[in-house]
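S.K.: Sequence first, then the predicted structure, then my questions.
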Amino acid sequence: MLTTSALDGLRFAFGTLTVLPVRVHRWDRQAARGGMLGAPVAGLVVGCAAAGLGLLLLLLGAGAPLAAVASVAVPAALTRGLHLDGLADTADGLGSGKPAEDALRIMKQSDIGPFGVITLVLVLLAQTAALAQLYGDSWTRGAAGAVISAVAARLALTLAARTGVPAARPEGLGAAVAGVVPVPGALAVAAVCTLGAAAWGAVPGPLGGLRAAAAVLLALAAAELLLRRCTRRFGGVTGDVFGALAETAATTALVVLSLGR
């Protein structure tokens with residue numbers, strides 16, 4: 001049975017990372033810690049929904065490309081596009097060449113600049129192409145790709161919220177979750193998610209398990225590189241940076257999973 005604290009954490013995770021009708025009762029640091037530790041659970045739900053729609057379209061006779069588009073659209077819809085918006089804003093901030101304060105101001109603007117547009121197009125194309133190949137290989141690989149990439153995306157947020165990572169602004173989601181997760185807790189969640197992905201990927205064969213584990217680990221590595229770049233550039237993390245980390249991790253995981261047969 002889940003404790004009240006654990007339930008508050010899950011409410012925080014689903015209430016801030018999805019559009020699912022979950023009411024967040026607490027916004028304190030303890031609830032934020034539980035929410036960030038539970039972020040991969042929200043990713044699992046989002047990934048299952050994405051895989052479910054993709055598989056439904058395949059069952060109805062659609063081809064792999066349309067199933068891939070659907071599986072990319074579901075996470076975007078279940079987050080109101082906030083992660084994609086964060087990716088675009090972060091790309092504009094990094095590409096602006098401005099000092100940190102000016103770059104943060106650019107990221108808060110409602111419009112999207114050329115760096116953001118180009119990044120969005122390339123990322124969405126990469127995700128769709130990778131999923132199309134996975135669905136084309138087999139429905140199991142396509143479904144696994146949708147779920148594993150969604151979990152890896154939220155796992156990257158767990159690690160980005162670890163102790164020692166500062167917030168770039170005193171307000172917003174970044175400030176609410178920055179530094180709330182103890183490093184041992186973040187590593188433990190990462191280990192569980194990696195082993196879970198490996199176990200699922202190993203169902204068709206051991207090579208699939210190795211590929212799934214590599215997908216998660218390389219997704220986290222790519223997100224970590226971006227995180228370090230953003231903390232140096234902006235002085236810390238913001239809600240936009242968290243969105244960019246999630247999309248970076250998801251894209252990396254899908255690309256790795258699509259390699260090989």
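M.R.: Here it is on my side, so go on.
S.K.: What does residue 38 show for phi and psi?
M.R.: Backbone torsions for residue 38, taken as degrees, to the nearest 10, come to phi -90, psi 0.
S.K.: so it touches residue 11, yeah?
M.R.: No. Residue 38 lies out of contact with residue 11 (Cβ atoms under 8 Å); the separation is 9.2 Å. Where C-beta positions appear, they are placed from N, C-alpha and C, glycine not excepted.
S.K.: Counting neighbours, go ahead and name the busier of the two.
M.R.: residue 38 (23 against 19; other Cβ atoms under 10 Å).
S.K.: how about residue 95, what does it touch?
M.R.: If you count contacts by Cβ atoms under 8 Å, 6 or more residues apart in numbering, residue 95 has them with 113, 114, 115.
S.K.: State the distance from it to residue 89.
M.R.: Shown here: residue 95 relative to residue 89, a distance of 11 Å by Cβ to Cβ, to the nearest Å.
S.K.: ditto for residue 46
M.R.: 21 Å.
S.K.: between the two, which one's more packed in?
M.R.: Shown here are residue 46 and residue 89; by other Cβ under 10 Å, residue 89 has more neighbours (29 against 26).
S.K.: pretty sure the more buried one contacts residue 239?
M.R.: No. If you go by Cβ under 8 Å, residue 89 and residue 239 don't touch, sitting 9.1 Å apart.
S.K.: Please, where are all the helices along the stretch 151-261 of the chain?
M.R.: Taking DSSP state H, counting those that start in this stretch as the test, the helices found in the stretch 151-261 of the chain are 173-177, 183-201, 206-234, 239-258.
S.K.: Show me the one of those helices that comes nearest residue 162.
M.R.: Among the helices of the stretch 151-261 of the chain, the nearest to residue 162 by Cβ to Cβ is helix 183-201 (4.6 Å).
S.K.: roughly how far is the closest one from the heart of the chain?
M.R.: 15 Å (Cα atoms, centre = their mean, to the nearest Å).
S.K.: Extract the CA atoms of the helix or strand bottoming out on mean pLDDT in the chain and return them as CSV.
M.R.: The helix or strand of the chain with the poorest confidence is helix 173-177; it has a mean of 83 (mean pLDDT, DSSP states H and E). C-alpha atoms of helix 173-177 as CSV (Å, rounded to 0.1, in the frame of the first residue of the first chain):
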residue,chain,number,x,y,z
LEU,A,173,9.0,24.5,-12.3
GLY,A,174,12.8,24.4,-12.5
ALA,A,175,13.1,26.2,-9.2
ALA,A,176,10.4,23.9,-7.7
VAL,A,177,12.3,20.7,-8.5
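S.K.: how far does it sit from the chain's center?
M.R.: On Cα atoms, centre = their mean, the centre of helix 173-177 falls 16 Å from that of its chain.
S.K.: Lovely, talk soon.
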